[in-house]
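Q: When you get a sec, could you give me coordinates for this:
(3 chains)
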Amino acid sequence: MSASHISPLLADLNPIQTQAVLATDGPVLVLAGAGSGKTKVLTHRVAYLIQEKKVPADSILVVTFTNKAAGEMTNRIKKLLNQLPAATYQLPVMGTFHSICARILRRDGVNIGLTPGFAIYDETDAVEAIKQAMEKLVLTDKKMSPSAVKHTISSAKNEMVSSLEYPRFARGYFQETVAKIYLEYQKILETNQALDFDDLLLLTVKLFQHSPQTLAYYQIKFKYILIDEYQDTNAVQYALTKLLSAQHKNICVVGDASQAIYGFRGADFRNIVNFQADYPNTRVFNLEQNYRSTQIILDAARAVISKNTSHPVLSLWTDNLVGQKIKITEARNEKEEAEIVISEIKKSSELRIKNSELKLLTPNSDIRTLNSYAVLYRTNAQSRALEEAFLKNSLPYILVGGIRFYERREIKDVLAYLRLVQNPKDSVALKRAEKLGKGRLNKFFEVSVTIDKSTTLDTLDLILQKTDYLDTLEDGTDQGKYRIENVKELRSVAEQFPNLTEFLENVALVEHIGAESDQNSDKVTLTTLHQAKGLEWSVVFMVGMEEGLFPHSRSFLNPAELEEERRLCYVGITRAKERLYLTHTRQRLFFGTRSNNLVSRFISDIPQELVQSQMNYINPDQFLDDVSIQKDEDDWLNL
DNA sequence: TTCAGGTGTATTTTT
DNA sequence: TACACCTGAA
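A: Numbering: from 1, shown residues only, chains lettered A, B, ... in the order given. From the prediction side, this is the model:
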């Protein structure tokens, strides 16, 4: 590459983004603020390595937080490479930590005694295995919930504490009992030839520790490693990163401590905070120019997040307009809150219709389709009141979240049969199949022995036909019809993966988007704050801005958790491009009881000059007569 | 095999 | 309040 040659890949990058792309070798930390073009830097960096540095694509490893993110990045890298002269079509190795570890273990896990055809247990399967372990130990103590036990074991695995080591750390009755269950649980997984999600990571570390040749193979293979959302990595993922990058040390991590919102499941943002200390000679790039939001929105976000003290906060700035003030509204209850949201949306939609009728539309005028609105909430339970109001007003919406496709009863049932084809000893699958009827199970076993090397789809169809499973779903209700539709949807996935092992792995590791969620249609998005991460809308409503709900009461006793709530609020605010609404209620119906909540401290943290509201909420004392959450309030005041 | 009725539980969630 | 889950009886 001559000095005069400027790669077209750098053409539309700002100076810091350019530097982050050009710093190909050695440890690199990219601190990417919300809306600062993080994915752009990652994709351009990969394309640059391939195109300009002539790095073979398969020696680049890109780790993402979700499979969806991996897919999006793949598309963008493809596009970039296709635009270039002498287009290269080979793509880097991309995926989540879990999917990459699964691939490694299928290939090399035999070195630590793993069967290549191992099953992957999802949360439900794992909890079922825990139940079986507890039954075996005759733990009739109903006070221990299997999912709490699962969570404790999962935390231990995240800290790389094996079932053999755990008893040493266990303190008190609960943990000591968990220690016994943990041992039994691992035995069950072993006999079932199954790994849970945590095992995928943990056993890969174990494989690398026990088989230096295997480790060396991957260390040499992956010359360049890029990790997205590094603030959301846990201890095992940290260890994997360290092991894999030890040879070439070309490690680039991207993230933002202010957007760390998964501490509750073991993520530790200190991994990103301490990166420089961990990797000597790290070059740091702060992406602080925001391309998404108005200045007012960024100022509000900053006011909220700057109260956190346990991590650094980036100073976002923008060339965008100052924008409109943030609108804060109080509703009497959750129904009125939903109506307020809807009336605001309708106001601008009506404006849109009127303008288009009068042909007043100019390019870039205030045209907003429904998919430029989102309503964000802290807990899923809040979606009900919103949904009811949207239905009542015939305003189209799409609810993101809820029960996932592969978690649905009918899907898990069918998958249980398929898992038994692969491993008839799988006790979790067996128990599920038993629940569907002994007769049905016997019929299944009659045909399952004859299944040899047929495709996933043929196997699935044969099972459905022999067991008459679909009959159990056919009950004349809409729900029954819907369930049958879902099984059909599963058939279409089966068609894509003729190999049963590959099919089951995909099912376990990749979230499937059901047929009903047509994402291109014009609808308002309703979703949790967590699921909004990484997305953006022109207009964002954050509802339920109340003490106890957001920040959630469970975080009151723990300053670290309260900081996580604050980061979640920061994430929510920075989703908005143009307009932000915050709403709260005086009284909310919650699990059958009415509670009077104080206005969220996050609202009080936003300076008045950024806000347009009918009331002054700075002094929450006016609500102190409402006693229902007085106790909680005392808790947080004492922090 | 099915279904009625009792019981427990309700923060966020990808893999 | 509402619903998922389990149990036991028909």
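Q: what are the pairing partners of whichever strand in chain A runs longest, and which direction each?
A: Assignment by DSSP state E gives strand A:576-585 as the longest strand of chain A. Counting by DSSP bridges, the strands paired with strand A:576-585 are strand A:326-331 (parallel), strand A:537-542 (parallel).
Q: Would the helix or strand just after that strand count as contacting DNA strand B?
A: Downstream of strand A:576-585, the first helix or strand assigned by DSSP states H and E is strand A:587-590. No - using Cβ under 7 Å from any atom of the strand, strand A:587-590 stays clear of DNA strand B, coming no nearer than 8.8 Å. Heads up, the C-betas are built off the backbone N, CA and C, glycines and all.
Q: Per-residue pLDDT of A:Glu190, please?
A: Per-residue confidence (pLDDT) for A:Glu190: 92.
Q: what about it, which helix or strand?
A: Assigning secondary structure by DSSP H and E places A:Glu190 in helix A:172-191.
Q: now do A:Arg45
A: Assigned by DSSP H and E, A:Arg45 belongs to helix A:38-51.
Q: so what secondary structure elements neighbour the next helix or strand after that helix?
A: Next in sequence after helix A:38-51, counting helices and strands by DSSP H and E, comes strand A:60-64. On a contact count with 3 or more Cβ pairs under 8 Å, 6 or more residues apart in numbering; DSSP states H and E, strand A:60-64 meets helix A:38-51, helix A:67-83, strand A:93-96, helix A:97-108, strand A:224-227.
Q: What average pLDDT does the first one get?
A: Okay, so that is helix A:38-51. The pLDDT scores in helix A:38-51 average 94.
Q: Please, where are all the helices along the stretch 201-350 of chain A?
A: With DSSP state H, counting those that start in this stretch, the ranges of helices along the stretch 201-350 of chain A come out as A:212-221, A:235-245, A:270-273, A:275-278, A:295-305, A:334-357.
Q: which other residues reach the first one?
A: Put plainly, it is helix A:212-221. By Cβ atoms under 8 Å, 6 or more residues apart in numbering, the list of residues contacting helix A:212-221 from outside reads A:58-59, A:104, A:108, A:111, A:207-209, A:243-248.
Q: now swap in stretch A:252-260 and tell me
A: With contact meaning Cβ under 8 Å, 6+ apart, stretch A:252-260 is reached by A:27-34, A:38, A:41-42, A:45, A:224-232, A:241, A:267, A:269, A:272-273, A:275, A:305, A:308, A:311-314, A:533, A:564, A:567, A:570-571.
Q: out of the residues you listed, who's near DNA strand B?
A: Answer for the contacts of stretch A:252-260 near DNA strand B (Cβ under 7 Å from any atom of the strand): A:Glu564.
Q: shaky segments in the stretch 501-639 of chain A?
A: A:513-520, A:614-639 (pLDDT under 70).
Q: Was I right to think A:Val46 contacts A:Ile77?
A: Yes - in this structure, A:Val46 is within contact of A:Ile77 by Cβ atoms under 8 Å, at 5.4 Å.
Q: Overlap of the contact sets of the two?
A: With Cβ under 8 Å, 6+ apart as the test, A:Val46 and A:Ile77 both reach A:Pro92.
Q: ChimeraX command for the buried members of the contacts of stretch A:252-260?
A: Restricted to buried positions by 16 or more other Cβ atoms under 10 Å, the ChimeraX selection for the contacts of stretch A:252-260 reads:
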select /A:27,28,29,30,31,32,33,34,38,41,42,45,224,225,226,227,228,229,230,231,232,241,267,269,272,273,275,305,308,311,313,314,533,564,567,570,571
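Q: near DNA strand C, which residues of chain A show up?
A: Within chain A, the residues that sit near DNA strand C (Cβ under 7 Å from any atom of the strand) are A:Lys131, A:Arg409, A:Phe591, A:Gly592.
Q: Please repeat the previous calculation with a cut-off of 10 Å.
A: Contact residues (Cβ under 10 Å from any atom of the strand) of chain A with DNA strand C: A:124, A:127-128, A:131, A:135, A:140, A:142, A:146-147, A:381, A:384, A:402-403, A:407-409, A:412, A:431-432, A:435, A:479, A:589-593.
Q: Where does the prediction get shaky in the stretch 251-400 of chain A?
A: For the stretch 251-400 of chain A, residues meeting the criterion pLDDT under 70 lie at A:349-367.
Q: possible to save the helices of the stretch 201-350 of chain A as TSV with distance to A:Asn423?
A: Formatted as TSV, the helices of the stretch 201-350 of chain A follow (distance: least, Cβ to Cβ, whole Å):
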stretch	distance to A:Asn423
helix A:212-221	25
helix A:235-245	25
helix A:270-273	36
helix A:275-278	40
helix A:295-305	48
helix A:334-357	47
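Q: Report how many residues lie close to the closest residue to A:Ala331 other than its chain neighbours.
A: Leaving out its chain neighbours, the residue that sits closest to A:Ala331 by Cβ to Cβ, 6 or more residues apart in numbering is A:Glu337, at 3.8 Å. Neighbour count of A:Glu337, defined by other Cβ atoms under 10 Å: 27.
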